[in-house]
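Undergrad: A structural model of the following input is requested.
(2 chains)
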There are 2 protein chains.
Amino acid sequence: MDMKIKKLDEFLTTFYESATFPRGLAQSAHYSLLAGGKRIRPLLLLELLEAFGLELMPAHFQIAASVEMIHTGSLIHDDLPAMDNDDYRRGKLTNHKKFDEATAILAGDTLFFDPFYVISTCDLPAKMIVDLTRELAFASGAYGMVAGQILDMAGEGKTLSLEEIEQIHRLKTGRLLTFPFVAAGIIAEKTAQELEKLRQIGQELGLAFQIRDDILDVTASFSELGKTPGKDVLEEKSTYVAHLGLAGAEKMLTQKLSEVEKSLTEMSIPDDSQILKIIKRLELNHA
Amino acid sequence: MDMKIKKLDEFLTTFYESATFPRGLAQSAHYSLLAGGKRIRPLLLLELLEAFGLELMPAHFQIAASVEMIHTGSLIHDDLPAMDNDDYRRGKLTNHKKFDEATAILAGDTLFFDPFYVISTCDLPAKMIVDLTRELAFASGAYGMVAGQILDMAGEGKTLSLEEIEQIHRLKTGRLLTFPFVAAGIIAEKTAQELEKLRQIGQELGLAFQIRDDILDVTASFSELGKTPGKDVLEEKSTYVAHLGLAGAEKMLTQKLSEVEKSLTEMSIPDDSQILKIIKRLELNHA
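TA: I've put the predicted structure just below:
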């Protein structure tokens, strides 16, 4: 897994070291890309591809890099003063604190555009590239992440139903976490039925992630979290923990993760595969 | 031409009226999309396609809409307080003034992602879609518009050489104005050589646009311009007018436009075509 992250980081670094890019922009994008993200989305894609029996090629790392770029860009924008106004992310200064607000806006913007260049220039059949482009754009824009972020902000200070919370997270974090599953299916040329199954698994995992995040916000320390804990309570965000209580949220997380594990096993993915190890690491007693 | 704009506006409106999008996001994106843009990029594409003898299809309008979406998103972000801090655009409140800053950031973001969804779902051959995606992403991100914007901001208050000014505009506005030319070539299945020629024409026209903009900033009124004139001088921006003087800039504009007209004529585009009419309308004595 470390080898995969290393290769991914190399691609991201090489891309933004291109001599043609303005240094200020490239440095800012690169700072956030290399600011200690756990690379969960790229790893999900790459490990899934291996679990499907594919030998990893440079194109697969490019697709993996694309989703990480968009994820990183979204964190930069989410942290902006007009949005969540965060000074720290993963224990490091946020992009607009390290650089300035204008640079952070533009670094986010370029991290939204460049992945589509990366995808469209990778060595895969045209039809596959079109399908991957569609899924990535679907996961990111008005059908996905951006929609989730605006609903999340609109919901601050309000008491949301569990359904509304789920809708927000399905879009805000769920769609981009679903992408690796659908993308792996596209690249491994799975049937339409299998693709739908993979999409469902991704959605479940996306919710599991959010529940875990909500739990950690109340149970973890700054050093464990890399950011200020307790912010959800402070900002009166409706969370799974607020709704279900800590024990209820923990139970729901366990349930979602075991559903995901079961579904993956049903797709003939071996129990000792790296992809299942990633899922299992999300269990609370594991950490 | 009016019929084309009408069809384009219909597509943009229908897209953001989709029931699945959060209203706040869709309204904000739609507000700026319908805030009186002259649709120059979509029109260049559509008129070029007709000049190449193609019958316009819905897919062509979708590609035209895509570039307009990105252009609009970039205006929203450029107007933000951390960037150019503009209250008016085309005589209307800027997006963050009409809504709020967070909404404006997200509306821009979605207008950057959604075009790639639109392109990847349009009814064209997969290879063509990949080529169009690559060109649009190239025009927009670290290879293009965003790079130009960061160089532009870095250059404020400094005296730039004519070469540096040209580099900024080649990226900031030139790339996205070049896209319609390259895209039309791709869709009309022109040769690699013709594509390069089209790219050059687009770049020349892009610079002509910027020179024109610089001239109008010192000669036009608020009502003619739809925004506060004289801002370049106020912000100590290096402009073509500052470098060449008003007469020199006017001469350079005339020269660039006649080069573009000559190149288009050489590509067997008829003199009475709409595309040449658009170019001619950019001449100063015309307006």
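
Undergrad: number of residues surrounding residue A:231?
TA: By the measure other C-beta atoms under 10 Å in any protein chain shown, the count of residues near residue A:231 is 13. C-beta here means a position set from N, CA and C on the backbone, and glycine is covered the same way.

Undergrad: once you drop chain neighbours, what's closest to it?
TA: residue A:217 (6.7 Å; C-beta to C-beta, 6 or more residues apart in numbering or on different chains).

Undergrad: so which strand or helix has the one you found?
TA: Element membership of residue A:217, judged by DSSP states H and E, is helix A:192-219.

Undergrad: tell me the helices and strands packed up against that helix.
TA: helix A:162-169, helix A:175-187, helix A:222-225, helix A:231-234, helix A:240-266 (3 or more C-beta pairs under 8 Å, 6 or more residues apart in numbering or on different chains; DSSP states H and E).

Undergrad: now that helix and helix A:240-266, what's the angle there?
TA: Interaxial angle, helix A:192-219 versus helix A:240-266 (axes from the mean of the first three to the mean of the last three C-alpha atoms, to 10 degrees): 140 degrees.

Undergrad: need the contact list for the closest residue to residue A:41 other than its chain neighbours.
TA: Excluding the flanking residues, the one nearest residue A:41 by C-beta to C-beta, 6+ apart is residue A:67, at 4.6 Å. Going by C-beta atoms under 8 Å, 6 or more residues apart in numbering or on different chains, residue A:67 touches A:41, A:42, A:45, A:115, A:136, A:139, A:176, A:179, A:180, A:183.

Undergrad: can you name the residue of the stretch 151-287 of chain A nearest to chain B?
TA: Across the stretch 151-287 of chain A, the shortest distance to chain B (C-beta to the nearest C-beta) belongs to residue A:151, at 5.3 Å.

Undergrad: identify the residues contacting the host helix or strand of that residue?
TA: Residue A:151 is part of helix A:145-155 when elements are defined by DSSP H and E. Residues outside helix A:145-155 that contact it (C-beta under 8 Å, 6+ apart) are A:70, A:74, A:77-78, A:83, A:139-141, A:164-165, A:167-176, A:237-238, B:21-22, B:24-25, B:102-103, B:106, B:109-110, B:113.

Undergrad: so that helix versus helix A:162-169, what angle?
TA: 140 degrees.

Undergrad: got the CA coordinates for helix A:145-155 in PDB?
TA: The C-alpha trace of helix A:145-155 is given here as PDB (Å, rounded to 0.1, in the frame of the first residue of the first chain):
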ATOM      1  CA  MET A 145     -20.000  17.100  -3.700                       C
ATOM      2  CA  VAL A 146     -20.700  20.800  -4.300                       C
ATOM      3  CA  ALA A 147     -24.500  20.200  -3.800                       C
ATOM      4  CA  GLY A 148     -23.700  18.500  -0.500                       C
ATOM      5  CA  GLN A 149     -21.500  21.300   0.700                       C
ATOM      6  CA  ILE A 150     -24.200  24.000   0.000                       C
ATOM      7  CA  LEU A 151     -26.900  21.800   1.800                       C
ATOM      8  CA  ASP A 152     -24.500  21.300   4.700                       C
ATOM      9  CA  MET A 153     -23.900  25.100   5.100                       C
ATOM     10  CA  ALA A 154     -27.700  25.700   4.800                       C
ATOM     11  CA  GLY A 155     -28.300  23.200   7.500                       C
END
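
Undergrad: angle of that helix against helix A:175-187?
TA: Angle of helix A:145-155 versus helix A:175-187, following the same axes, to 10 degrees, is 160 degrees.

Undergrad: chain B contacts on the stretch 151-287 of chain A?
TA: A:151, A:153, A:154 (C-beta under 8 Å from any C-beta of the partner chain).

Undergrad: circling back: among the contacts of residue A:67, which one lies nearest to residue A:12?
TA: residue A:42 (9.6 Å; C-beta to C-beta).

Undergrad: from residue A:262, how far out is residue A:282?
TA: Separation of residue A:282 from residue A:262 (C-beta to C-beta, to the nearest Å): 15 Å.

Undergrad: who has more neighbours, the two?
TA: residue A:282 (18 against 10).

Undergrad: lowest-confidence helix or strand of chain A?
TA: Of all helical and strand segments in chain A, the minimum by mean pLDDT, DSSP states H and E falls on helix A:222-225, at a mean of 64.

Undergrad: where's residue A:164 relative to residue A:148, distance?
TA: Using C-beta to C-beta, residue A:164 is found at 12 Å from residue A:148.

Undergrad: kindly apply the preceding question to residue A:122 instead.
TA: 27 Å.

Undergrad: those two - which one has more neighbours?
TA: Neighbours per residue, other C-beta under 10 Å: of residue A:122 and residue A:148, the larger number sits with residue A:148, 23 against 20.

Undergrad: so for that one, what's the pLDDT?
TA: pLDDT, residue A:148: 97.

Undergrad: residues contacting residue A:98?
TA: Neighbour list for residue A:98: A:28, A:31, A:92 [criterion: C-beta under 8 Å, 6+ apart].

Undergrad: out of the residues you listed, which are inside helices?
TA: Cross-referencing the contacts of residue A:98 against helices under DSSP state H gives A:28, A:31.

Undergrad: select only the buried ones of the contacts of residue A:98 in ChimeraX?
TA: ChimeraX command restricting the contacts of residue A:98 to the buried ones, with burial defined by 16 or more other C-beta atoms under 10 Å in any protein chain shown:
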select /A:28,31,92
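
Undergrad: confidence-wise, which of the contacts of residue A:98 comes last?
TA: Within the set of these, pLDDT is lowest for residue A:92 (95).

Undergrad: ok, that residue touching residue A:36?
TA: Yes. Judged on C-beta atoms under 8 Å, residue A:92 makes contact with residue A:36 at a distance of 6.7 Å.

Undergrad: so which bits of whichever helix or strand the residue nearest to residue A:41 is part of are buried?
TA: In this assignment (DSSP H and E), residue A:67 forms part of helix A:58-79. For helix A:58-79, the neighbour count (16+ other C-beta under 10 Å) marks A:59-79 as buried.

Undergrad: which residues in the stretch 1-150 of chain A form strands?
TA: A:88-89, A:92-93 (DSSP state E, counting those that start in this stretch).

Undergrad: need the winner for burial among these.
TA: strand A:88-89 (a mean of 19; mean count of other C-beta atoms under 10 Å in any protein chain shown).

Undergrad: tell me the mean pLDDT for it?
TA: For strand A:88-89, the mean per-residue pLDDT is 92.

Undergrad: pull the distance from it to the chain's centre.
TA: Chain-centre distance of strand A:88-89: 16 Å, with C-alpha atoms, centre = their mean, to the nearest Å.

Undergrad: then stretch A:77-95?
TA: The answer for stretch A:77-95 is 17 Å, by C-alpha atoms, centre = their mean.

Undergrad: same thing with stretch A:18-32?
TA: Relative to its parent chain, stretch A:18-32 has a centroid offset of 22 Å by C-alpha atoms, centre = their mean.

Undergrad: again, but for stretch A:93-106
TA: Mean C-alpha position of stretch A:93-106 versus that of the full chain (C-alpha atoms, centre = their mean) differs by 20 Å.

Undergrad: may I have that stretch as PDB, with CA atoms only?
TA: The C-alpha coordinates for stretch A:93-106 follow below in PDB (Å, rounded to 0.1, in the frame of the first residue of the first chain):
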ATOM      1  CA  LEU A  93      -2.000  25.500   8.300                       C
ATOM      2  CA  THR A  94      -4.900  25.500   5.800                       C
ATOM      3  CA  ASN A  95      -4.100  26.700   2.300                       C
ATOM      4  CA  HIS A  96      -5.400  30.300   2.700                       C
ATOM      5  CA  LYS A  97      -3.400  30.600   6.000                       C
ATOM      6  CA  LYS A  98      -0.200  29.300   4.500                       C
ATOM      7  CA  PHE A  99      -0.600  31.400   1.300                       C
ATOM      8  CA  ASP A 100      -3.500  33.800   0.900                       C
ATOM      9  CA  GLU A 101      -7.200  33.700   0.200                       C
ATOM     10  CA  ALA A 102      -7.000  34.400  -3.500                       C
ATOM     11  CA  THR A 103      -4.300  31.800  -4.000                       C
ATOM     12  CA  ALA A 104      -6.300  29.300  -2.100                       C
ATOM     13  CA  ILE A 105      -9.400  29.900  -4.200                       C
ATOM     14  CA  LEU A 106      -7.300  29.500  -7.400                       C
END
